[in-house]
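[1] Return a 3D structure for these sequence lines:
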Amino acid sequence: MVATIAASSPKSTLPVQTPVSLREPNSSFFGGSQLKALSLQLKPSRNRTGLHVRLAVVASAGTTSTTGGGGRFYLNFTGFPFPLGPFLNRRTIRTEAIKDSIWLFEQEQALGFSSVSTNIRMTVIKLKSGGLWVHAPIAPTKECIQLVKELGAPVEYIVLPTFAYEHKIFVGPFSRKFPRAQIWVAPRQWSWPLNLPLEFFGIFRAKTIRDSDLSTPWANEIEQKVLSSPEVGIGPYVEVAFYHKRSRTLLVTDAVIFVPKQPPECISKELLLASAKNGLAVRLLSKGREVPEEPVIDNKMNLQKGWERMVLQILFLGPSNLLEPKASFAQMSQKLIVSPIVKTLVFCKVPEKVRDWIDSIARDWRFKRVIPAHFAAPINASRSEFLAAFAFLDELLGERYITRPSLSALFASFLGKAASYFPPDDMKTLSSLDQFLVSVGAVKKTVSGRKR
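    Residues are numbered from 1 along each chain as shown. Below is the predicted model:
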């Protein structure tokens, strides 16, 4: 992909945490709740700066907070076709990403009734007014709300940046904890299998976010760009990207991810060990190899294996070899990528829309870090690396947009090939699913209105 390498620029006046290597051990294995309840992350449709290549996740410097074991109860059995959980108990981890400016709140989010889990993230930004701007609310447990109130500022705005159910479901309950806050939502909201109004989700008096709208009350500090695609199947894909100008931070929901080598702190050790067991999924996805029946010992190796298996199932649904996940995991981790599911089922259907969106982001916003709603964050990443994650669009469109900067194009193209490479054997299940969904009419076989 043709893109410029972001040149070094004057440092921000905001204090930022020190980046650390993802290869070093941390205490992630020992976090999380004790509950083993699981649910589905369901969507209705479907160390470095400057010119260095390696991406790094910014680690907190002693600023991770919880309120202890109390206040984590949250009852939720909704979701189709599987409920979105955990069902009863959600631990909240708060991390100060940028001192006195940006905080990250994370909870566990499990998949179906399996031992597969990831994290879901809410980002809170302190505005110049002294109020808080909340991006993609999570479950408003007592612990979560207490951690928000400890910031000592009123919540002024609550923002739903997507149509996706796992983010929408918490906006109504969260807003009731802060009744004076304004609610803003991404345009073209819809749900499936029933297209229900926002009021059904407890979201009232919501205002609609518009692309590059200078009239929004936070426009002087936070800008926005809307991706609103044609219908790719049962509904359109809608996501709003935001740019916090003072900290030069890009916020996205599902557009890109960065899989860390080790699991997020909110995922419990019990779930990791359960994922490390050689169960039915491992037997089905072992390439015909003999699967040993042996007890899972609580050690670092098994905890890591559990995380690697979780990641591959989340990214590919049916990876080629769960018995030995290390090689495929290495291909997918520690780099900025587009999730294989989002790439295959959404972005490959509307590449022109996506290309315009990401080019506009890279052209207008001089960001130096990215905060997605899942997996690792914040990520120190340049505009080149963001564009490189979408290099697969070049193959679909067969053209280079002249609006994209051409400096260091060769480097960006090479980087893009690395970021867009997914192990072919792991992609087979997802590709077959795509073909099936097209055959039954659930997903369109179009590329921005043109046949493949």
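
[2] okay, CA-based contacts and neighbour counts for the rest of this
    Will do.

[3] now Ile222: how far from Ile267?
    31 Å (CA to CA, to the nearest Å).

[4] Now for the closest residue in space to Ile145 that isn't next to it in sequence, how many residues are close by?
    Computed as CA to CA, 6 or more residues apart in numbering, the closest residue to Ile145 that is not its neighbour in sequence is Lys177, at 7.7 Å. Using other CA atoms under 10 Å, Lys177 has 14 other residues around it.

[5] Repeat that for Ile98.
    If we define neighbours as other CA under 10 Å, then Ile98 has 18 of them.

[6] next one: phi and psi at it?
    Main-chain torsions, Ile98, degrees, to the nearest 10: phi -130, psi 130.

[7] And the strands in the stretch 351-452 of the chain?
    369-371, 379-380, 446-447, 450-451 (DSSP state E, counting those that start in this stretch).

[8] Actually, the stretch 51-200 of the chain.
    56-57, 93-98, 102-111, 116-126, 132-135, 155-160, 182-185.

[9] which of those is buried the deepest?
    Compared across these, strand 56-57 shows the largest average neighbour count, a mean of 26 (mean count of other CA atoms under 10 Å).

[10] What average pLDDT does that strand get?
    The average pLDDT within strand 56-57 is 44.

[11] okay, the strands of the stretch 51-200 of the chain in JSON lines with distance to Pro263 next?
    Output for the strands of the stretch 51-200 of the chain, formatted as JSON lines (distance: least, CA to CA, whole Å):
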{"stretch": "strand 56-57", "distance to Pro263": "13"}
{"stretch": "strand 93-98", "distance to Pro263": "13"}
{"stretch": "strand 102-111", "distance to Pro263": "11"}
{"stretch": "strand 116-126", "distance to Pro263": "8"}
{"stretch": "strand 132-135", "distance to Pro263": "23"}
{"stretch": "strand 155-160", "distance to Pro263": "26"}
{"stretch": "strand 182-185", "distance to Pro263": "30"}
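
[12] and Ala255, which of those is closest to it?
    Proximity to Ala255, assessed across those by CA to CA, is greatest for strand 116-126 (13.9 Å).

[13] quick one: strands adjacent to that closest one?
    strand 102-111 (antiparallel), strand 132-135 (antiparallel) (DSSP bridges).

[14] Kindly reformat those as CSV and extend each row with distance to Asn119 and mean pLDDT.
    As requested, the strands paired with strand 116-126 are exported to CSV (distance: least, CA to CA, whole Å; pLDDT from 0 to 100):
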stretch, distance to Asn119, mean pLDDT
strand 102-111, 5, 93
strand 132-135, 15, 98
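
[15] Turn those strands into JSON lines, including distance to Pro378.
    Formatted as JSON lines, these follow (distance: least, CA to CA, whole Å):
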{"stretch": "strand 102-111", "distance to Pro378": "9"}
{"stretch": "strand 132-135", "distance to Pro378": "14"}
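
[16] who wins for proximity to Thr141 among the ones you listed?
    strand 102-111 (10.3 Å).

[17] Show residues contacting that closest one.
    32, 38-41, 84-86, 90-97, 116-126, 138-139, 144, 266-267 (CA atoms under 8 Å, 6 or more residues apart in numbering).

[18] Now do that strand against strand 93-98, angle only.
    Interaxial angle of strand 102-111 relative to strand 93-98 (axes from the mean of the first three to the mean of the last three CA atoms, to 10 degrees): 140 degrees.

[19] phi, psi of the nearest residue to Lys277 once chain neighbours are set aside?
    Leaving aside its sequence neighbours, Lys277 sits nearest to Val296 (CA to CA, 6+ apart; 6.1 Å). The phi/psi pair for Val296 (degrees, to the nearest 10) reads phi -90, psi 120.

[20] Check the burial of Val296 by counting its neighbours.
    Val296 has 14 nearby residues by other CA under 10 Å.

[21] which ones are touching it?
    By CA under 8 Å, 6+ apart, the contact set of Val296 is Leu273, Ala276, Lys277, Asn302.
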